[in-house]
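Colleague: Sequence first, predicted coordinates after that:
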Amino acid sequence: MRIGFDAKRAFNNHTGLGNYSRFVIEALLKYAPQHDYLAYTPKPSRDNNGLKLSPKLPTTLIGGGLWRSWLIINDLKKDNVDIFHGLSNEIPLGIKKSGVKSVVTIHDLIFVRYPELYPAIDRFFYQQKFRYACQNADAVVAVSQQTKEDIMEFYKIPSERIRVIYQDCQSSFHQKADNQSILTVKSKYSLNKPYIICVSSFSERKNQKRLVEAFQQLGLDDYELVLVGGKSKYAEEIAQTSPKYTNILYGVPSADLPALYQGASLCVYPSFFEGFGIPIVEALHSGIPVVAATGSCLEEAGGDGALYANPLNVNDLSDKIRQVLTNDTLRTNLILKGKEHIKQFSSENISGQLIQLYKEL
């Protein structure tokens with residue numbers, strides 16, 4: 001088979017959608033090398049973002065959004081592509097009539113479920129692109145059962161057209177850091193106590209304010225709370241009101257994150273709604289227990305490797321944190337069960353499921 005990817009974010013995005021795109025492409029290159037792969041992007045990055053696959057650029061003088069949304073079909077036909085996979089919620093207009101089979105990965109429909117969290121103009125364009133993709137793709141990949149249920153509810157797509165295929169985190173989290181590397185990272189960020197870590201963008205949906213309140217309620221003077229993310233208005237609000245022993249780290253390089261996780265006593269991910277929850281998977285690979293939120297798909301990401309709390313209930317959140325920090329047997333069991341749970345997210349397993357889907361089409 002010749003398989004083409006919408007690889008714009010694989011080459012030019014360093015966070016969620018980019019990480020997913022690179023994960024899929026690299027998994028297929030490694031575990032299904034008998035097929036041909038083409039990575040279409042309006043422009044490559046300087047270093048290809050670590051991808052081993054060369055970018056496939058527009059053959060028309062018109063690049064950018066117009067090519068990616070429409071004119072790319074001409075290139076797909078010229079290249080004899082059998083399957084085109086839109087890795088980030090969209091497919092080209094008119095692809096259904098082109099003879100090229102299409103798959104789209106939908107990561108979440110949070111903008112539909114919680115519209116107040118998004119600007120109206122963003123909601124409008126997301127709605128057009130996501131709905132069109134779900135209605136016109138030959139198959140839809142949902143990154144969680146929660147996302148599949150949302151696609152069925154909001155867009156009325158039949159269950160049989162949607163395949164739940166999970167994802168893994170970046171392979172750097174699979175490697176055990178040596179003690180010196182962990183100590184070096186702790187020193188770099190002035191972490192002098194045992195700490196609880198939360199890695200997430202700062203937004204109301206991610207719910208870090210309640211985590212700060214829960215930590216404050218515990219009165220753990222011998223622990224620090226470490227919040228890792230990018231600057232935002234919400235982050236500024238937290239910084240202005242956060243109590244002592246709360247350490248907010250902005251712009252942490254991805255190379256430092258595995259050691260930061262592995263040096264932590266606990267990962268807490270209190271987001272009240274997600275499409276999947278990659279930070280939980282990163283924590284489980286790092287060999288630390290997790291406290292996460294109920295209400296969306298985080299139980300799918302964490303399985304039996306986490307305890308789950310009502311994200312709107314500070315008392316419940318603080319209680320679950322206390323349980324893990326004070327019960328060594330519970331902590332050990334969570335770590336062992338987490339290691340078992342994440343086996344299903346391996347790149348070999350995921351690539352096999354994707355190839356099977358492509359073959360069916």
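Modeller: Perfect, thanks for sending it. Numbers count the residues shown, from 1 in each chain.
Colleague: Assumed R322 was part of a helix.
Modeller: Yes. With DSSP: H, G, I helix; E, B strand; the rest coil as the criterion, R322 is part of a helix.
Colleague: Not including adjacent chain positions, what is the nearest residue to it?
Modeller: The shortest distance from R322 to any non-neighbouring residue, by C-beta to C-beta, 6 or more residues apart in numbering, is to L218 (6.1 Å). C-beta here means a position set from N, CA and C on the backbone, and glycine is covered the same way.
Colleague: give me every residue that touches the one you found.
Modeller: S318, I321, R322 (C-beta atoms under 8 Å, 6 or more residues apart in numbering).
Colleague: gap between it and T326?
Modeller: 10 Å (C-beta to C-beta, to the nearest Å).
Colleague: quick one, helices of the stretch 101-250 of the chain?
Modeller: Using DSSP state H, counting those that start in this stretch, the helices of the stretch 101-250 of the chain run over residues 110-113, 120-136, 145-155, 179-188, 208-218, 233-241.
Colleague: need those in TSV with mean pLDDT and distance to L361, can you?
Modeller: Shown next, in TSV, are the helices of the stretch 101-250 of the chain (pLDDT from 0 to 100; distance: least, C-beta to C-beta, whole Å):
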stretch	mean pLDDT	distance to L361
helix 110-113	95	27
helix 120-136	97	14
helix 145-155	97	18
helix 179-188	96	44
helix 208-218	95	41
helix 233-241	90	41
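Colleague: Buried deepest among those, which one?
Modeller: Across the helices of the stretch 101-250 of the chain, averaging neighbours per residue (mean count of other C-beta atoms under 10 Å) puts helix 208-218 on top, at a mean of 21.
Colleague: mind saving the C-alpha coords of that one as CSV?
Modeller: Written as CSV, here are the backbone C-alpha positions of helix 208-218 (Å, rounded to 0.1, in the frame of the first residue of the first chain):
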residue,chain,number,x,y,z
GLN,A,208,-4.6,23.4,38.2
LYS,A,209,-6.3,25.9,40.6
ARG,A,210,-8.1,23.1,42.4
LEU,A,211,-4.9,21.1,42.5
VAL,A,212,-3.2,24.0,44.3
GLU,A,213,-6.1,24.2,46.7
ALA,A,214,-6.0,20.5,47.4
PHE,A,215,-2.2,20.6,48.0
GLN,A,216,-2.6,23.6,50.3
GLN,A,217,-5.3,21.7,52.2
LEU,A,218,-3.0,18.8,52.8
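Colleague: and the angle for it with helix 233-241?
Modeller: Helix 208-218 and helix 233-241 are oriented at 20 degrees to each other (axes from the mean of the first three to the mean of the last three C-alpha atoms, to 10 degrees).
Colleague: Quick one: distance of helix 208-218 to the chain centre.
Modeller: Remark: helix 208-218 is offset 24 Å from the chain centroid, using C-alpha atoms, centre = their mean, to the nearest Å.
Colleague: Stretch 266-275 too?
Modeller: The chain centroid and the centroid of stretch 266-275 are separated by 12 Å under C-alpha atoms, centre = their mean.
Colleague: From one end of that stretch to the other, what's the distance?
Modeller: This stretch, stretch 266-275, spans 22 Å end to end (C-alpha to C-alpha, to the nearest Å).
Colleague: what about that stretch, average pLDDT?
Modeller: In this model, stretch 266-275 has an average pLDDT of 95.
Colleague: The helices of the stretch 101-250 of the chain: which one's closest to S45?
Modeller: Judged by C-beta to C-beta, the one of those that comes nearest to S45 is helix 120-136, at 22.7 Å.
Colleague: Could you list every helix and strand that the closest one packs against?
Modeller: Helix 120-136 sits against strand 101-106, helix 110-113, helix 145-155, with contacts defined as 3 or more C-beta pairs under 8 Å, 6 or more residues apart in numbering; DSSP states H and E.
Colleague: Could I have the CA atoms of the shortest one written out in PDB?
Modeller: Output in PDB follows, covering the C-alpha atoms of helix 110-113 (Å, rounded to 0.1, in the frame of the first residue of the first chain):
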ATOM      1  CA  ILE A 110     -14.100  19.500  23.700                       C
ATOM      2  CA  PHE A 111     -14.900  22.600  21.800                       C
ATOM      3  CA  VAL A 112     -18.400  21.200  21.300                       C
ATOM      4  CA  ARG A 113     -18.900  19.900  24.800                       C
END
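Colleague: count of neighbours near the residue nearest to K52 when sequence neighbours are not counted?
Modeller: Leaving aside its sequence neighbours, K52 sits nearest to L29 (C-beta to C-beta, 6+ apart; 6.1 Å). L29 has 16 neighbouring residues, counting by other C-beta atoms under 10 Å.
Colleague: Give me the pLDDT value at the residue nearest to G229 when sequence neighbours are not counted.
Modeller: In this structure, G229 finds its nearest non-sequential neighbour in F202, 4.5 Å apart by C-beta to C-beta, 6+ apart. Predicted confidence (pLDDT) for F202: 94.
Colleague: And F202, how far from D328?
Modeller: 32 Å.
Colleague: Check E153 too.
Modeller: With C-beta to C-beta as the criterion, E153 and D328 are 42 Å apart.
Colleague: Buried residues, stretch 338-358. List them.
Modeller: Using 16 or more other C-beta atoms under 10 Å as the test for burial, stretch 338-358 gives 338, 341-342, 345, 347, 349-352, 354-355, 357-358.
Colleague: Out of those, which is nearest to R22?
Modeller: Within those, the smallest distance to R22 is 10.8 Å, found for S347 (C-beta to C-beta).
Colleague: ok, back up a step: can you add distance to V104 and give the helices of the stretch 101-250 of the chain back as TSV?
Modeller: TSV is the format used below for those (distance: least, C-beta to C-beta, whole Å):
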stretch	distance to V104
helix 110-113	16
helix 120-136	4
helix 145-155	10
helix 179-188	38
helix 208-218	31
helix 233-241	30
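Colleague: Right, I'll call it a day here.
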